[in-house]
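Give me a 3D structure for the following:
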Amino acid sequence: MAIAPTAGPGTSAGLVRTLLAEQAPALVGLPVERLADGWDNHTFRLGERMVVRLPRHEAAAELHADEVRWLPELGPQLTTATPQPVAVGGPSPHFPHPWSVVEYIPGREAAAVPPAERVALAEDLADFTWSLHVPAPTHAPVNPFRGGSLATGAADARVRSRLADLARSGHAELAEALLPRWEAWSHAPDFDGVDVWLHGDLHPHNIVIGADGRLAGVVDWGDVTAGDPACDLATAWLTFDATGRRLFTERLEEGHPVDAATWVRARAWALHLGLVLLSRPDEFPRLVASGRHALDELRREDV
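Residues are numbered from 1 along each chain as shown. Okay, the predicted model is just below:
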């Protein structure tokens, strides 16, 4: 999820068929159906087992390259399914960016389930996080918007601006309650450990739940990077209510102890990312409920 992306070229099922005919002819003839128009990618179902991902803009194309490059290496170490690349296409006269065909993970996004009903995936998501958060190589992708310090002028300015937007939208009391929490949490001691692998966008729209309510997969790896694990641990507030959060944190602490400062930074990341989810309600109305859920959960936390 890039910061304030702008829409790129139009897409359609016809465009997908054209790209497949040009660059992945073995996949021609399978049904193509629009799946979603996300922050960074347009996605289309391809048959029963695949998804076509078309970056929406130049910044998303750069994230797409990281996803395609690193998921095949990360996948085997993880405890849940990831959308592994099946085919990778390049720019053409019909579409200006690289694109890919990836495996489809059956299920529904966690955001489609009320937070109180996400409890069954809490321990699974903790296990996934533990399996991902291992030391990353020095040549891991760099993402300036994920995994670094939030105690910077740029991050602080973005959050304050979005809190002001929140207040103007009729939620002044919530914004006033969150500001001192942001000021305290964002100035927790900086991460001083070895950079670990991060998903970078671990919110309920990127978490797939199976028919049994358990974790079925984690998708949308464009923000993959290395850095402070607190960035991903923000999912404790983005995804869960108090009960699910307790199960998530307890399970994580069993095999991957987390120091108190990291949990404080995780609250700051959850506040930051919750505001991002709220930032474009006209274009992405389905993200609003998830952003509001996170902010409501954080409001209940002590400063």
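
Tell me where the stretch 51-200 of the chain has helices.
Counting by DSSP state H, counting those that start in this stretch, the stretch 51-200 of the chain has helices at residues 58-74, 122-132, 153-166, 172-185.

right, and T262 touches G227 too?
No. Counting by C-beta atoms under 8 Å, no contact exists between T262 and G227, whose distance comes to 11.8 Å. Yep, even glycine has a C-beta here, placed from its N, CA and C like the rest.

Hmm, L178 and L295 touching each other?
Yes. Counting by C-beta under 8 Å, L295 does reach L178; the two are 6.3 Å apart.

want to throw the helices of the stretch 51-200 of the chain into CSV with distance to S92?
Below are these laid out as CSV (distance: least, C-beta to C-beta, whole Å):
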stretch, distance to S92
helix 58-74, 13
helix 122-132, 34
helix 153-166, 35
helix 172-185, 44
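
deepest of those, which one?
helix 122-132 (a mean of 22; mean count of other C-beta atoms under 10 Å).

returning to that earlier point: shared neighbours of L295 and L178, which are they?
Residues touching both L295 and L178 by C-beta atoms under 8 Å, 6 or more residues apart in numbering: 166, 271.

Just confirm T11 is within a helix.
No. Assigned with DSSP: H, G, I helix; E, B strand; the rest coil, T11 falls outside any helix and is coil.

Please tell me how far it sits from D37.
Distance, T11 to D37, by C-beta to C-beta, to the nearest Å: 8 Å.

How about the secondary structure of H272?
helix.

mind checking pLDDT for it?
You'll see H272 listed with a pLDDT of 98.

what's around it, how many residues?
Residues lying near H272 (other C-beta atoms under 10 Å) number 22.

Now do the contacts for the closest residue to L215 other than its chain neighbours.
Nearest in space to L215, with sequence neighbours left out and distances taken as C-beta to C-beta, 6 or more residues apart in numbering, is D124 at 3.5 Å. Counting by C-beta under 8 Å, 6+ apart, D124 makes contact with 79-80, 214-215.

Enumerate every residue touching the residue lying closest to V113 once chain neighbours are set aside.
Among residues not flanking V113 along the chain, I209 sits closest, at 6.1 Å (C-beta to C-beta, 6+ apart). Contact analysis of I209 by C-beta under 8 Å, 6+ apart lists 107-110, 112-113, 118, 121, 215-216.

now swap in G90 and tell me
Residues in contact with G90 (C-beta under 8 Å, 6+ apart) are 23, 98.

pLDDT score for it?
At G90, pLDDT is 97.

Could you measure from it over to V68?
Counting by C-beta to C-beta, the gap from G90 to V68 is 11 Å.

Touching both of the two, which residues are there?
Joint contacts of G90 and V68 (C-beta under 8 Å, 6+ apart) are P98.

What are the buried residues along stretch 261-277?
262-277 (16 or more other C-beta atoms under 10 Å).

closest to F44 among the residues you listed?
Sorting the buried residues of stretch 261-277 by how near they are to F44, with C-beta to C-beta, puts L277 at the top with 23.5 Å.

For the helix or strand containing that closest one, what is the distance to the chain centroid?
Taking DSSP states H and E as the criterion, L277 maps to helix 260-278. Centre-to-centre, helix 260-278 and its host chain are 13 Å apart (C-alpha atoms, centre = their mean, to the nearest Å).

Give me the buried positions along the next helix or strand after that helix.
Using DSSP H and E, the helix or strand that follows helix 260-278 in sequence is helix 288-299. Within helix 288-299, the residues that qualify as buried are 290-295, 297-298, counting by 16+ other C-beta under 10 Å.

for helix 288-299, packing partners?
helix 172-185, helix 235-238, helix 260-278 (3 or more C-beta pairs under 8 Å, 6 or more residues apart in numbering; DSSP states H and E).

one step back: out of the helices of the stretch 51-200 of the chain, which comes closest to P141?
Among those, helix 58-74 comes nearest to P141, with 4.2 Å by C-beta to C-beta.

Name the residues that touch that closest one?
2, 5, 8, 40-41, 53, 55, 82-85, 88, 97-100, 132, 140-141, 143, 197, 221-225.

Make a ChimeraX selection of whichever of those turn out to be buried.
Buried residues within these, by 16+ other C-beta under 10 Å, are selected in ChimeraX with:
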select :2,5,8,40,41,53,55,82,83,85,88,97,98,99,100,132,140,141,143,197,221,222,223,224,225
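
from the contacts of helix 58-74, which ones fall inside strands?
The strands, defined by DSSP state E, take in 41, 53, 55, 85, 88, 99-100, 197, 225 from the contacts of helix 58-74.

Quick check: of the residues you listed, which lies closest to A184?
Once C-beta to C-beta is applied, the member of the ones in strands among the contacts of helix 58-74 that ends up nearest A184 is T225, at 25.4 Å.

list the contacts for the closest one?
T225 neighbours (C-beta under 8 Å, 6+ apart): 66, 140-143, 146-147, 198, 200.
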